[in-house]
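Peer 1: I need the structure of the sequence given here:
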Amino acid sequence: MYKEKYAYSLEMKVRDYECDLQGIVNNANYQHYMEHARHEFLESLGENFGRLHEQGIDAMVAKITIEYKLPLISGDKFVVGINLKRQGAKILFLQDIYRLSDGKLCTKGCVETICVQNGRLTRGELFDEVFKDYL
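Peer 2: Numbers count the residues shown, from 1 in each chain. Predicted coordinates:
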């Protein structure tokens, strides 16, 4: 089983329609899994992207890097783990996906995010407060 500690983790299950002709999860779906986990993490901290947008605050993905290690297949249960790191104006979400049946690492991702407030790039100070226990 995986040994790394995460600020947040979310268990999920592969659905049939997420697989390609080879019977494995299509590469783009790993981004969906990571995004869903980030949204759930924010919700667990009492915030959500919809409310933030209404306040003129938008967190956006600037860059994503994913290393694919092992494929997931239909029906696999897996966990997405998240750790955070501040890098200048960016918040990096370090996200790993592990297959639960054997604890093997399937993907390693780094999602670089920026924050725009009322159309202007900021450091996203609000997120320093929201993620204070994890940065």
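Peer 1: which parts of stretch 109-118 are buried?
Peer 2: Gly109, Val111, Glu112, Thr113, Ile114, Cys115, Gln117 (16 or more other C-beta atoms under 10 Å). (Each C-beta comes from the backbone N, C-alpha and C, glycine too.)
Peer 1: what does it contact?
Peer 2: 30-31, 34, 38, 56-67, 87, 89-97, 121-124, 126-127 (C-beta atoms under 8 Å, 6 or more residues apart in numbering).
Peer 1: So what's the model's average confidence on it?
Peer 2: The average pLDDT for stretch 109-118 rounds to 95.
Peer 1: How far does it sit from its chain's centre?
Peer 2: 12 Å (C-alpha atoms, centre = their mean, to the nearest Å).
Peer 1: Start the count at 569 instead of 1 going forward.
Peer 2: Done: numbering now begins at 569, and the last item shifts to stretch 677-686.
Peer 1: Just the CA trace of it, in PDB.
Peer 2: Extracted C-alpha coordinates of stretch 677-686, given in PDB (Å, rounded to 0.1, in the frame of the first residue of the first chain):
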ATOM      1  CA  GLY A 677       1.000  14.700 -11.400                       C
ATOM      2  CA  CYS A 678       1.900  18.300 -10.800                       C
ATOM      3  CA  VAL A 679      -0.800  20.900 -11.400                       C
ATOM      4  CA  GLU A 680       0.400  24.500 -11.400                       C
ATOM      5  CA  THR A 681      -2.400  26.900 -10.600                       C
ATOM      6  CA  ILE A 682      -2.600  30.700 -10.600                       C
ATOM      7  CA  CYS A 683      -5.200  33.100  -9.200                       C
ATOM      8  CA  VAL A 684      -6.900  35.900 -11.000                       C
ATOM      9  CA  GLN A 685      -9.000  38.400  -9.000                       C
ATOM     10  CA  ASN A 686     -11.300  40.700 -10.900                       C
END
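Peer 1: residues touching the residue nearest the centre of the chain, list them.
Peer 2: For the chain, the residue sitting closest to the mean C-alpha position, by C-alpha atoms, centre = their mean, is Met602 at 3.3 Å. For Met602, the contacting residues are Ile632, Ile634, Val648, Phe661, Gln663, Ile665, Gly677, Val679, by C-beta under 8 Å, 6+ apart.
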